[in-house]
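[1] this one's structure only:
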DNA sequence: AGGTTAAGCGCG
DNA sequence: AAAGCGCGCTTAACCT
(Lines give C-alpha, C1' and ligand atoms only; values in the text may rest on other atoms or scores of the structure.)
Protein backbone atom coordinates (compact mmCIF):
# COMPACT_ATOMS: atom_id res chain seq x y z
CA UNK A 1 0.00 0.00 0.00
CA UNK A 2 1.22 3.52 -0.76
CA UNK A 3 3.15 5.06 2.08
CA UNK A 4 0.62 7.12 4.07
CA UNK A 5 1.22 9.64 6.79
CA UNK A 6 1.01 13.01 8.41
CA UNK A 7 2.77 16.30 8.91
CA UNK A 8 4.87 16.50 12.03
CA UNK A 9 5.79 19.45 14.24
CA UNK A 10 9.32 18.29 14.82
CA UNK A 11 10.30 21.23 17.03
CA UNK A 12 7.80 20.11 19.64
CA UNK A 13 9.27 16.62 19.69
CA UNK A 14 12.85 17.89 20.00
CA UNK A 15 11.82 20.02 22.99
CA UNK A 16 10.09 17.08 24.57
CA UNK A 17 13.11 14.84 23.99
CA UNK A 18 15.35 17.26 25.81
CA UNK A 19 12.93 17.55 28.69
CA UNK A 20 12.48 13.80 28.94
CA UNK A 21 16.25 13.35 28.91
CA UNK A 22 16.59 15.61 31.94
CA UNK A 23 13.80 13.87 33.84
CA UNK A 24 15.28 10.48 33.09
CA UNK A 25 18.68 11.56 34.41
CA UNK A 26 17.08 12.77 37.62
CA UNK A 27 15.20 9.50 38.03
CA UNK A 28 18.39 7.54 37.46
CA UNK A 29 20.19 9.52 40.14
CA UNK A 30 17.34 8.87 42.59
CA UNK A 31 17.35 5.18 41.76
CA UNK A 32 21.09 4.96 42.34
CA UNK A 33 20.61 6.60 45.74
CA UNK A 34 17.88 4.15 46.71
CA UNK A 35 19.91 1.18 45.56
CA UNK A 36 23.11 2.43 47.16
CA UNK A 37 24.95 1.76 43.91
CA UNK A 38 25.14 2.86 40.30
CA UNK A 39 23.40 0.51 37.88
CA UNK A 40 21.75 0.50 34.47
CA UNK A 41 17.96 0.68 34.95
CA UNK A 42 17.45 -0.82 31.53
CA UNK A 43 19.51 -3.93 32.16
CA UNK A 44 17.39 -6.89 33.31
CA UNK A 45 20.44 -8.52 34.84
CA UNK A 46 21.61 -5.53 36.88
CA UNK A 47 18.07 -4.57 37.81
CA UNK A 48 17.27 -8.08 39.03
CA UNK A 49 20.36 -8.09 41.22
CA UNK A 50 19.42 -4.79 42.81
CA UNK A 51 15.71 -5.53 43.33
CA UNK A 52 15.66 -9.15 44.31
CA UNK A 53 19.08 -9.72 45.85
CA UNK A 54 20.41 -6.50 47.31
CA UNK A 55 17.05 -5.01 48.37
CA UNK A 56 15.39 -8.39 49.01
CA UNK A 57 12.17 -7.37 47.29
CA UNK A 58 9.90 -10.42 46.89
CA UNK A 59 9.53 -12.16 43.52
CA UNK A 60 5.80 -12.06 42.70
CA UNK A 61 5.98 -13.52 39.21
CA UNK A 62 8.50 -15.14 36.92
CA UNK A 63 9.05 -14.75 33.20
CA UNK A 64 8.44 -17.76 30.92
CA UNK A 65 12.17 -18.45 31.10
CA UNK A 66 12.16 -18.44 34.89
CA UNK A 67 13.74 -15.10 35.68
CA UNK A 68 12.02 -12.83 38.22
CA UNK A 69 9.55 -10.66 36.31
CA UNK A 70 9.75 -6.89 36.49
CA UNK A 71 6.71 -6.35 34.28
CA UNK A 72 4.49 -3.35 34.85
CA UNK A 73 1.73 -5.09 36.85
CA UNK A 74 4.35 -6.64 39.14
CA UNK A 75 6.05 -3.29 39.75
CA UNK A 76 2.66 -1.69 40.44
CA UNK A 77 2.13 -4.24 43.16
CA UNK A 78 5.62 -3.79 44.60
CA UNK A 79 5.32 0.01 44.46
CA UNK A 80 2.84 -0.20 47.33
CA UNK A 81 5.60 -1.38 49.65
CA UNK A 82 8.87 -0.18 48.12
CA UNK A 83 10.04 3.13 46.63
CA UNK A 84 12.28 1.84 43.83
CA UNK A 85 9.57 0.10 41.75
CA UNK A 86 7.63 3.38 41.62
CA UNK A 87 10.68 5.17 40.23
CA UNK A 88 11.30 2.37 37.80
CA UNK A 89 7.76 2.57 36.41
CA UNK A 90 8.12 6.26 35.73
CA UNK A 91 11.54 5.74 34.17
CA UNK A 92 10.25 2.93 31.99
CA UNK A 93 7.32 4.90 30.60
CA UNK A 94 9.36 8.03 29.95
CA UNK A 95 12.23 6.18 28.30
CA UNK A 96 9.73 4.34 26.13
CA UNK A 97 8.31 7.65 24.93
CA UNK A 98 11.75 9.13 24.31
CA UNK A 99 13.38 6.10 22.76
CA UNK A 100 10.50 5.08 20.52
CA UNK A 101 8.84 8.37 19.60
CA UNK A 102 10.35 11.74 20.45
CA UNK A 103 13.92 10.75 19.51
CA UNK A 104 12.97 8.75 16.44
CA UNK A 105 10.05 10.34 14.62
CA UNK A 106 11.72 13.65 13.63
CA UNK A 107 14.43 11.77 11.73
CA UNK A 108 11.82 9.96 9.67
CA UNK A 109 10.35 13.01 8.01
CA UNK A 110 10.50 12.56 4.24
CA UNK A 111 12.43 15.43 2.67
CA UNK A 112 10.28 15.44 -0.48
CA UNK A 113 6.86 15.37 1.14
CA UNK A 114 7.77 16.95 4.47
CA UNK A 115 5.67 14.23 6.02
CA UNK A 116 6.15 11.18 8.14
CA UNK A 117 5.02 8.08 6.25
CA UNK A 118 4.17 4.55 7.30
CA UNK A 119 3.58 1.30 5.46
CA UNK A 120 0.26 -0.42 6.00
CA UNK A 121 0.27 -4.15 5.44
CA UNK A 122 -2.84 -5.99 4.34
CA UNK A 123 -1.71 -9.56 4.74
CA UNK A 124 0.06 -9.72 8.08
CA UNK A 125 -2.45 -10.16 10.88
CA UNK A 126 -4.42 -13.30 11.65
CA UNK A 127 -7.66 -11.42 12.17
CA UNK A 128 -7.72 -9.22 9.07
CA UNK A 129 -6.60 -6.01 10.64
CA UNK A 130 -4.01 -3.83 8.92
CA UNK A 131 -0.63 -3.55 10.52
CA UNK A 132 1.63 -0.50 10.32
CA UNK A 133 5.40 -0.33 10.33
CA UNK A 134 8.48 1.81 9.65
CA UNK A 135 7.30 3.58 11.69
CA UNK A 136 4.25 2.06 13.32
CA UNK A 137 1.68 4.88 13.41
CA UNK A 138 -0.95 2.66 15.05
CA UNK A 139 0.66 2.86 18.48
CA UNK A 140 1.22 6.59 18.89
CA UNK A 141 0.68 7.35 22.61
CA UNK A 142 -2.62 8.69 23.94
CA UNK A 143 -3.24 7.19 27.38
CA UNK A 144 -1.03 9.49 29.46
CA UNK A 145 -0.58 13.25 29.48
CA UNK A 146 3.09 12.99 28.55
CA UNK A 147 2.15 10.62 25.74
CA UNK A 148 -0.52 12.92 24.39
CA UNK A 149 2.15 15.58 23.86
CA UNK A 150 3.58 13.29 21.18
CA UNK A 151 0.23 13.00 19.47
CA UNK A 152 0.00 16.79 19.54
CA UNK A 153 2.96 16.90 17.15
CA UNK A 154 0.81 15.35 14.40
CA UNK A 155 -0.53 18.47 12.70
CA UNK A 156 -2.41 19.50 9.54
CA UNK A 157 -1.12 21.86 6.84
CA UNK A 158 -2.04 25.54 6.95
CA UNK A 159 -5.75 26.06 6.40
CA UNK A 160 -6.59 22.48 7.37
CA UNK A 161 -7.65 20.64 10.52
CA UNK A 162 -7.21 17.06 11.64
CA UNK A 163 -10.42 15.02 11.79
CA UNK A 164 -10.42 11.74 13.69
CA UNK A 165 -13.50 9.50 13.50
CA UNK A 166 -13.75 6.27 15.45
CA UNK A 167 -16.31 3.55 15.89
CA UNK A 168 -17.85 3.47 19.35
CA UNK A 169 -17.55 0.06 21.04
CA UNK A 170 -17.50 -1.67 17.67
CA UNK A 171 -16.44 -5.10 18.94
CA UNK A 172 -19.13 -5.23 21.61
CA UNK A 173 -21.71 -4.11 19.06
CA UNK A 174 -20.57 -6.94 16.83
CA UNK A 175 -20.91 -9.31 19.78
CA UNK A 176 -24.47 -8.07 20.26
CA UNK A 177 -25.19 -8.64 16.58
CA UNK A 178 -23.63 -12.10 16.40
CA UNK A 179 -25.07 -13.33 19.68
CA UNK A 180 -28.48 -11.70 19.26
CA UNK A 181 -28.61 -11.40 23.02
CA UNK A 182 -31.75 -9.38 23.86
CA UNK A 183 -30.23 -7.46 26.76
CA UNK A 184 -27.11 -6.44 24.87
CA UNK A 185 -29.12 -5.54 21.76
CA UNK A 186 -31.43 -3.38 23.87
CA UNK A 187 -28.53 -1.57 25.52
CA UNK A 188 -27.06 -0.57 22.17
CA UNK A 189 -30.40 0.26 20.55
CA UNK A 190 -31.16 2.58 23.47
CA UNK A 191 -27.62 4.03 23.25
CA UNK A 192 -26.96 3.26 26.89
CA UNK A 193 -23.33 3.33 28.00
CA UNK A 194 -22.57 -0.37 27.64
CA UNK A 195 -20.20 -0.66 30.58
CA UNK A 196 -22.75 0.98 32.86
CA UNK A 197 -25.48 -1.26 31.47
CA UNK A 198 -23.36 -4.32 32.21
CA UNK A 199 -22.61 -3.02 35.69
CA UNK A 200 -26.31 -2.50 36.38
CA UNK A 201 -27.05 -6.08 35.33
CA UNK A 202 -24.14 -7.74 37.10
CA UNK A 203 -24.43 -5.78 40.34
CA UNK A 204 -28.22 -5.66 40.36
CA UNK A 205 -28.58 -1.89 40.63
CA UNK A 206 -30.37 0.69 38.54
CA UNK A 207 -28.44 2.50 35.82
CA UNK A 208 -28.33 5.68 37.89
CA UNK A 209 -26.91 3.87 40.91
CA UNK A 210 -23.89 2.38 39.11
CA UNK A 211 -20.76 3.54 40.93
CA UNK A 212 -17.51 4.39 39.26
CA UNK A 213 -15.91 1.27 40.65
CA UNK A 214 -18.76 -0.93 39.42
CA UNK A 215 -18.45 0.52 35.95
CA UNK A 216 -14.69 -0.08 35.98
CA UNK A 217 -15.24 -3.73 36.89
CA UNK A 218 -17.95 -4.15 34.26
CA UNK A 219 -15.63 -2.68 31.65
CA UNK A 220 -12.99 -5.25 32.58
CA UNK A 221 -15.63 -7.99 32.26
CA UNK A 222 -16.76 -6.75 28.85
CA UNK A 223 -13.23 -6.57 27.47
CA UNK A 224 -12.31 -9.83 29.13
CA UNK A 225 -15.16 -11.58 27.36
CA UNK A 226 -14.05 -10.36 23.97
CA UNK A 227 -10.65 -11.88 24.67
CA UNK A 228 -11.93 -15.14 26.14
CA UNK A 229 -10.62 -14.36 29.61
CA UNK A 230 -11.11 -16.80 32.49
CA UNK A 231 -12.11 -16.20 36.12
CA UNK A 232 -8.42 -16.44 36.98
CA UNK A 233 -7.52 -13.61 34.63
CA UNK A 234 -10.39 -11.44 35.76
CA UNK A 235 -9.46 -12.03 39.40
CA UNK A 236 -5.86 -11.04 38.73
CA UNK A 237 -6.84 -7.87 36.94
CA UNK A 238 -9.42 -6.71 39.45
CA UNK A 239 -7.61 -8.00 42.54
CA UNK A 240 -10.48 -10.27 43.50
CA UNK A 241 -10.34 -13.85 44.67
CA UNK A 242 -11.16 -16.47 42.07
CA UNK A 243 -14.54 -17.32 43.56
CA UNK A 244 -15.73 -13.76 43.40
CA UNK A 245 -14.50 -13.31 39.84
CA UNK A 246 -16.29 -16.54 38.87
CA UNK A 247 -19.49 -15.22 40.45
CA UNK A 248 -19.26 -12.04 38.35
CA UNK A 249 -18.87 -14.13 35.22
CA UNK A 250 -21.74 -16.43 36.19
CA UNK A 251 -24.03 -13.49 36.83
CA UNK A 252 -22.97 -11.91 33.55
CA UNK A 253 -23.87 -15.02 31.56
CA UNK A 254 -27.09 -15.31 33.54
CA UNK A 255 -28.09 -11.79 32.48
CA UNK A 256 -26.79 -12.15 28.92
CA UNK A 257 -27.59 -15.78 28.11
CA UNK A 258 -27.30 -15.15 24.39
CA UNK A 259 -23.66 -14.27 24.83
CA UNK A 260 -22.95 -17.54 26.64
CA UNK A 261 -24.72 -19.50 23.90
CA UNK A 262 -22.83 -17.63 21.21
CA UNK A 263 -19.50 -18.36 22.84
CA UNK A 264 -20.32 -22.04 23.35
CA UNK A 265 -21.51 -22.25 19.75
CA UNK A 266 -18.37 -20.55 18.45
CA UNK A 267 -16.07 -22.86 20.40
CA UNK A 268 -17.98 -25.93 19.22
CA UNK A 269 -17.94 -24.78 15.61
CA UNK A 270 -14.22 -24.10 15.79
CA UNK A 271 -13.62 -27.65 17.02
CA UNK A 272 -15.84 -29.12 14.29
CA UNK A 273 -14.61 -27.07 11.35
CA UNK A 274 -11.09 -26.15 12.38
CA UNK A 275 -11.77 -22.52 11.56
CA UNK A 276 -13.96 -19.56 12.51
CA UNK A 277 -15.41 -16.85 10.27
CA UNK A 278 -16.14 -13.16 10.39
CA UNK A 279 -19.60 -11.85 9.62
CA UNK A 280 -18.53 -11.53 5.99
CA UNK A 281 -17.13 -15.03 5.81
CA UNK A 282 -13.40 -14.42 6.04
CA UNK A 283 -11.88 -17.43 7.77
CA UNK A 284 -9.24 -17.90 10.38
CA UNK A 285 -7.92 -21.44 10.55
CA UNK A 286 -7.05 -22.75 13.99
CA UNK A 287 -4.66 -25.67 13.54
CA UNK A 288 -4.28 -26.14 17.29
CA UNK A 289 -7.99 -26.19 18.15
CA UNK A 290 -7.88 -29.97 18.64
CA UNK A 291 -4.29 -30.18 19.86
CA UNK A 292 -3.35 -32.79 22.45
CA UNK A 293 -1.67 -30.08 24.49
CA UNK A 294 -4.59 -28.58 26.44
CA UNK A 295 -2.84 -25.28 26.94
CA UNK A 296 -2.44 -24.79 23.21
CA UNK A 297 -5.99 -25.94 22.66
CA UNK A 298 -7.30 -23.40 25.14
CA UNK A 299 -5.24 -20.67 23.51
CA UNK A 300 -6.83 -21.60 20.18
CA UNK A 301 -10.28 -21.43 21.83
CA UNK A 302 -9.59 -17.89 23.01
CA UNK A 303 -8.56 -16.98 19.49
CA UNK A 304 -11.75 -18.58 18.20
CA UNK A 305 -13.81 -16.38 20.52
CA UNK A 306 -11.92 -13.19 19.69
CA UNK A 307 -11.29 -13.50 15.96
CA UNK A 308 -14.88 -13.15 14.71
CA UNK A 309 -15.31 -9.91 16.65
CA UNK A 310 -11.90 -8.36 15.94
CA UNK A 311 -12.04 -9.65 12.37
CA UNK A 312 -15.53 -8.38 11.65
CA UNK A 313 -14.52 -4.96 12.96
CA UNK A 314 -11.53 -5.08 10.60
CA UNK A 315 -13.77 -6.02 7.68
CA UNK A 316 -16.12 -3.16 8.46
CA UNK A 317 -13.50 -0.44 8.62
CA UNK A 318 -11.96 -1.71 5.37
CA UNK A 319 -15.36 -1.40 3.69
CA UNK A 320 -15.61 2.09 5.17
CA UNK A 321 -12.18 3.02 3.80
CA UNK A 322 -13.19 1.96 0.31
CA UNK A 323 -16.39 3.92 0.56
CA UNK A 324 -14.63 7.01 1.90
CA UNK A 325 -11.98 6.71 -0.80
CA UNK A 326 -14.58 6.58 -3.58
CA UNK A 327 -16.27 9.63 -2.11
CA UNK A 328 -13.05 11.64 -1.76
CA UNK A 329 -12.00 10.57 -5.26
CA UNK A 330 -14.94 12.49 -6.67
CA UNK A 331 -12.90 15.57 -5.78
CA UNK A 332 -15.85 17.52 -4.41
CA UNK A 333 -14.28 18.11 -0.97
CA UNK A 334 -10.79 19.13 0.04
CA UNK A 335 -9.93 16.29 2.36
CA UNK A 336 -7.37 13.48 2.50
CA UNK A 337 -7.51 10.17 4.36
CA UNK A 338 -4.07 9.93 6.00
CA UNK A 339 -4.15 7.20 8.66
CA UNK A 340 -6.07 4.20 9.98
CA UNK A 341 -5.83 2.90 13.54
CA UNK A 342 -8.01 -0.21 13.67
CA UNK A 343 -11.31 1.47 14.59
CA UNK A 344 -10.39 5.03 13.62
CA UNK A 345 -9.82 6.98 10.41
CA UNK A 346 -7.76 10.17 10.39
CA UNK A 347 -8.27 12.84 7.74
CA UNK A 348 -6.85 16.24 6.88
CA UNK A 349 -9.70 18.55 6.02
CA UNK A 350 -9.84 22.07 4.62
CA UNK A 351 -11.22 24.26 7.40
CA UNK A 352 -14.10 25.52 5.29
CA UNK A 353 -15.27 21.96 4.62
CA UNK A 354 -15.10 20.67 8.20
CA UNK A 355 -18.78 20.40 9.04
CA UNK A 356 -19.74 18.77 5.80
CA UNK A 357 -16.84 16.32 5.84
CA UNK A 358 -17.40 15.25 9.43
CA UNK A 359 -21.02 14.55 8.72
CA UNK A 360 -20.48 12.61 5.53
CA UNK A 361 -17.48 10.74 6.92
CA UNK A 362 -19.59 9.50 9.81
CA UNK A 363 -22.31 8.45 7.39
CA UNK A 364 -19.91 6.40 5.28
CA UNK A 365 -18.44 4.71 8.34
CA UNK A 366 -21.83 4.01 9.94
CA UNK A 367 -23.18 2.60 6.70
CA UNK A 368 -20.24 0.27 6.14
CA UNK A 369 -22.26 -2.60 7.59
CA UNK A 370 -25.88 -3.24 8.48
CA UNK A 371 -25.94 -4.71 11.97
CA UNK A 372 -28.79 -5.40 14.36
CA UNK A 373 -27.55 -2.40 16.37
CA UNK A 374 -26.50 1.07 15.21
CA UNK A 375 -22.84 1.52 14.23
CA UNK A 376 -22.15 4.75 16.06
CA UNK A 377 -19.20 6.88 14.93
CA UNK A 378 -17.72 9.72 16.92
CA UNK A 379 -15.79 12.38 15.02
CA UNK A 380 -13.62 15.12 16.47
CA UNK A 381 -11.53 17.86 14.94
CA UNK A 382 -8.62 20.02 15.98
CA UNK A 383 -5.30 21.68 15.30
CA UNK A 384 -3.54 18.37 16.01
CA UNK A 385 -4.32 14.66 16.32
CA UNK A 386 -4.74 14.85 20.09
CA UNK A 387 -7.26 17.68 19.90
CA UNK A 388 -9.25 15.78 17.33
CA UNK A 389 -10.22 13.20 19.95
C1' DA B 1 30.07 -6.78 13.05
C1' DG B 2 25.61 -8.58 12.48
C1' DG B 3 21.60 -11.56 13.51
C1' DT B 4 18.27 -13.52 16.93
C1' DT B 5 15.58 -13.98 21.20
C1' DA B 6 13.44 -12.42 25.55
C1' DA B 7 11.26 -9.06 28.06
C1' DG B 8 8.84 -5.19 28.19
C1' DC B 9 5.42 -1.77 26.58
C1' DG B 10 3.20 1.66 23.09
C1' DC B 11 -1.66 1.23 20.65
C1' DG B 12 -6.70 -0.85 19.43
C1' DA C 1 1.67 -25.22 34.72
C1' DA C 2 -1.05 -21.70 32.63
C1' DA C 3 -4.85 -19.07 33.11
C1' DG C 4 -6.59 -11.97 27.84
C1' DC C 5 -7.02 -11.09 21.63
C1' DG C 6 -4.20 -8.56 17.76
C1' DC C 7 0.07 -5.94 16.36
C1' DG C 8 5.55 -3.44 15.98
C1' DC C 9 9.68 -1.33 18.21
C1' DT C 10 13.53 -0.99 21.55
C1' DT C 11 17.09 -2.68 24.49
C1' DA C 12 19.93 -6.10 26.58
C1' DA C 13 21.86 -10.42 26.21
C1' DC C 14 23.39 -13.96 23.68
C1' DC C 15 24.89 -16.18 19.46
C1' DT C 16 27.50 -16.93 15.04
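    All right, it came through fine. Small disclaimer: the values here were computed from a predicted structure and weren't measured.

[2] check which helix or strand covers the closest residue to residue A:255 other than its chain neighbours.
    Using CB to CB, 6 or more residues apart in numbering and skipping residues adjacent in sequence, the residue nearest residue A:255 is residue A:201, 4.0 Å away. C-beta here means a position set from N, CA and C on the backbone, and glycine is covered the same way. Element membership for residue A:201, per DSSP states H and E: helix A:194-203.

[3] swap in residue A:219?
    helix A:212-226.

[4] what's the angle from that helix to helix A:194-203?
    100 degrees (axes from the mean of the first three to the mean of the last three CA atoms, to 10 degrees).

[5] is DNA strand C contacted by helix A:212-226?
    Yes. Judged by CB under 7 Å from any atom of the strand, helix A:212-226 and DNA strand C are in contact via A:220, A:223, A:224, A:226.

[6] ok, so of those residues, who is nearest DNA strand C?
    Among the residues of helix A:212-226 next to DNA strand C, residue A:223 lies closest to DNA strand C (CB to the nearest atom of the strand), at 3.6 Å.

[7] just the helices from the stretch 251-389 of chain A, written as ranges.
    A:257-273, A:294-329, A:354-366 (DSSP state H, counting those that start in this stretch).

[8] give me the distance between stretch A:203-223 and the centre of its chain.
    21 Å (CA atoms, centre = their mean, to the nearest Å).

[9] any buried residues in it, and which?
    Applying a neighbour-count criterion of 16 or more other CB atoms under 10 Å, one finds A:203, A:210, A:214, A:215, A:217, A:218, A:219, A:220, A:221, A:222 buried in stretch A:203-223.

[10] tell me the one among those nearest to residue A:372.
    Residue A:372 lies nearest to residue A:222 out of those, by CB to CB, at 17.9 Å.

[11] now the closest one. Nearest residue, chain neighbours left out?
    residue A:198 (5.6 Å).

[12] against residue A:251, how distant is that neighbour?
    The spacing between residue A:198 and residue A:251, counted by CB to CB, to the nearest Å, is 10 Å.

[13] quick one: contacts of stretch A:332-342?
    A:4-6, A:118, A:120, A:129-130, A:137-138, A:160, A:163, A:166, A:313-314, A:317, A:321, A:324-325, A:327-328, A:345-350, A:352-353, A:356-357, A:360 (CB atoms under 8 Å, 6 or more residues apart in numbering).

[14] beta-bridge partners for residue A:154, please?
    Under DSSP bridges, the beta-bridge partners of residue A:154 are residue A:8.

[15] in contact with residue A:102, which residues?
    Counted by CB under 8 Å, 6+ apart, residue A:102 has contacts A:13, A:14, A:16, A:17, A:20, A:150.

[16] oh, I was asking about residue A:176
    Counted by CB under 8 Å, 6+ apart, residue A:176 has contacts A:184, A:185, A:187, A:188, A:371, A:372, A:373.

[17] as TSV, those residues with neighbour count and pLDDT would be great.
    Putting the contacts of residue A:176 into TSV (neighbours: other CB atoms under 10 Å; pLDDT from 0 to 100) gives the following:
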residue	neighbour count	pLDDT
A:184	27	97
A:185	18	98
A:187	26	98
A:188	23	98
A:371	18	98
A:372	15	98
A:373	20	98
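
[18] among those residues, which pair sits farthest apart?
    A:187 and A:371 (13.7 Å).

[19] what's the mean pLDDT across stretch A:225-233?
    Computed over stretch A:225-233, the mean pLDDT rounds to 95.

[20] now residue A:324: closest residue in space that isn't a chain neighbour?
    In space, residue A:324 is closest to residue A:364, 5.0 Å off (CB to CB, 6+ apart).

[21] just to revisit the earlier point, show me what the helix holding residue A:201 is packed against.
    Packing contacts for helix A:194-203, counted by 3 or more CB pairs under 8 Å, 6 or more residues apart in numbering; DSSP states H and E, involve helix A:182-189, helix A:212-226, helix A:242-255.

[22] may I see the buried residues of the last one?
    So that's helix A:242-255. A:245, A:246, A:248, A:249, A:252, A:253, A:255.

[23] tell me which element the closest residue to DNA strand C within the stretch 101-250 of chain A falls in.
    When distances are taken as CB to the nearest atom of the strand, the stretch 101-250 of chain A reaches nearest to DNA strand C at residue A:233, 2.3 Å away. Using DSSP H and E, residue A:233 falls within helix A:231-238.
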